[in-house]
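Prediction below, plus the sequence it came from.
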Amino acid sequence: MKFAVLVFPGSNCDIDCYKAIEDTVGEPVDYVWHTATDLTPYDCILVPGGFSYGDYLRCGAISRFAPVMNEVAKAAEQGKYILGICNGFQILTEAGLLPGALRRNMSMKFLCHDVVLKVENNQTPFTRDYEQGEEIVIPIAHGEGNYYCDEETMARLQANNQIVFTYKSNPNGSINDIAGISNERGNVLGMMPHPERAVSELLGTKDGQRMFTSILNAWRDQHGAATVR
């Protein structure tokens with residue numbers, strides 16, 4: 001399995017994502033610059049956190065027009081796995097690959113601390129190694145993590161089981177405590193907390209490890225290979 005970690009001007013979690021792949025699943029991983037126009041070699045694309053293009057206008061609003069995002073949309077349509085973390089989640093919503101929007105935190109402050117998440121849907125390629133309803137500890141680091149959508153969109157999210165993670169104690173005002181959602185097909189996930197910063201006890205928690213093993217195991221199932229435990 002081959003992973004791509006996108007890099008935009010202002011990305012600052014790209015190295016974290018790269019190292020998380022190396023350390024948790026040991027599969028090939030490349031940095032891919034925002035001007036790239038071919039993602040065909042990759043099975044999973046990570047859209048990392050940071051401040052892409054300085055977060056001018058709105059978070060992700062400029063990155064959404066980067067050449068590589070056309071390829072991300074094609075990869076999503078092909079069923080490849082797309083994981084957007086923090087700023088990556090914001091970019092995916094701006095690009096229309098996920099519904100809703102991320103607004104300023106209710107406190108109007110940047111928040112950086114561990115949070116407890118509840119796994120609401122463990123039937124996605126990103127969460128299959130977690131237990132349904134399991135509580136995990138993953139750090140957040142964001143100023144605009146307040147997820148919002150209208151009532152019609154929320155009804156669709158609930159009906160299609162697209163709410164993947166919720167906060168046990170809501171830090172930012174997100175509607176219905178949402179911390180992460182998927183598209184209807186389930187191959188695109190956006191989340192504000194940082195699983196790539198939760199892959200070792202040295203970091204305070206290794207609850208993020210199973211997100212990356214989940215992705216690898218889902219891909220191996222698709223290709224008739226043995227899963228990792």
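Yes, it's here.

three-state assignment of Met211?
helix (DSSP: H, G, I helix; E, B strand; the rest coil).

Run a quick neighbour tally on it.
Using other CB atoms under 10 Å, Met211 has 27 other residues around it. Heads up, the C-betas are built off the backbone N, CA and C, glycines and all.

in this structure, which spans are strands?
Taking DSSP state E as the criterion, the chain contains strands spanning 3-7, 29-33, 44-47, 81-85, 101-103, 111-119, 135-142, 146-148, 163-167, 178-182, 188-191.

Figure out which of those strands is closest to Ser200.
strand 135-142 (12.3 Å; CB to CB).

So which other helices or strands are in contact with the closest one?
strand 111-119 (3 or more CB pairs under 8 Å, 6 or more residues apart in numbering; DSSP states H and E).

pLDDT on stretch 196-204, on average?
The average pLDDT for stretch 196-204 rounds to 94.

Tell me who's in contact with the nearest residue to Glu71 once chain neighbours are set aside.
Closest residue to Glu71 apart from its sequence neighbours, by CB to CB, 6 or more residues apart in numbering: Leu39 at 4.2 Å. If you count contacts by CB atoms under 8 Å, 6 or more residues apart in numbering, Leu39 has them with 4, 32, 45, 68, 71-72, 74-75, 80.

Now stretch 176-183: average pLDDT?
Here the average pLDDT along stretch 176-183 is 98.

chain center to it, what's the gap?
10 Å (CA atoms, centre = their mean, to the nearest Å).

now swap in stretch 169-181 and tell me
Relative to its parent chain, stretch 169-181 has a centroid offset of 15 Å by CA atoms, centre = their mean.

Could you list the buried residues of stretch 114-123?
114-115, 117-122 (16 or more other CB atoms under 10 Å).

ditto for stretch 31-47
32, 34, 36, 39, 42-47.

With respect to Thr127, which of the residues you listed is nearest?
Cys44 (14.2 Å).

Tell me how far that closest one lies from Lys2.
8 Å (CB to CB, to the nearest Å).

before we move on, what about Val115?
31 Å.

circling back to that earlier point, pLDDT at the residue nearest to Glu71, what is it?
Leu39 is given a pLDDT of 97.

Output the contacts of Leu39 as a markdown table; include the columns pLDDT and distance to Val25.
A markdown table is the format used below for those (pLDDT from 0 to 100; distance: CB to CB, whole Å):
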| residue | pLDDT | distance to Val25 |
| --- | --- | --- |
| Ala4 | 98 | 14 |
| Val32 | 98 | 18 |
| Ile45 | 98 | 15 |
| Val68 | 97 | 23 |
| Glu71 | 98 | 23 |
| Val72 | 98 | 21 |
| Lys74 | 97 | 24 |
| Ala75 | 98 | 19 |
| Lys80 | 97 | 16 |
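
Just put those residues in a markdown table and tack on distance to Lys168.
Below are the contacts of Leu39 laid out as a markdown table (distance: CB to CB, whole Å):
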| residue | distance to Lys168 |
| --- | --- |
| Ala4 | 32 |
| Val32 | 34 |
| Ile45 | 29 |
| Val68 | 35 |
| Glu71 | 36 |
| Val72 | 31 |
| Lys74 | 36 |
| Ala75 | 32 |
| Lys80 | 31 |
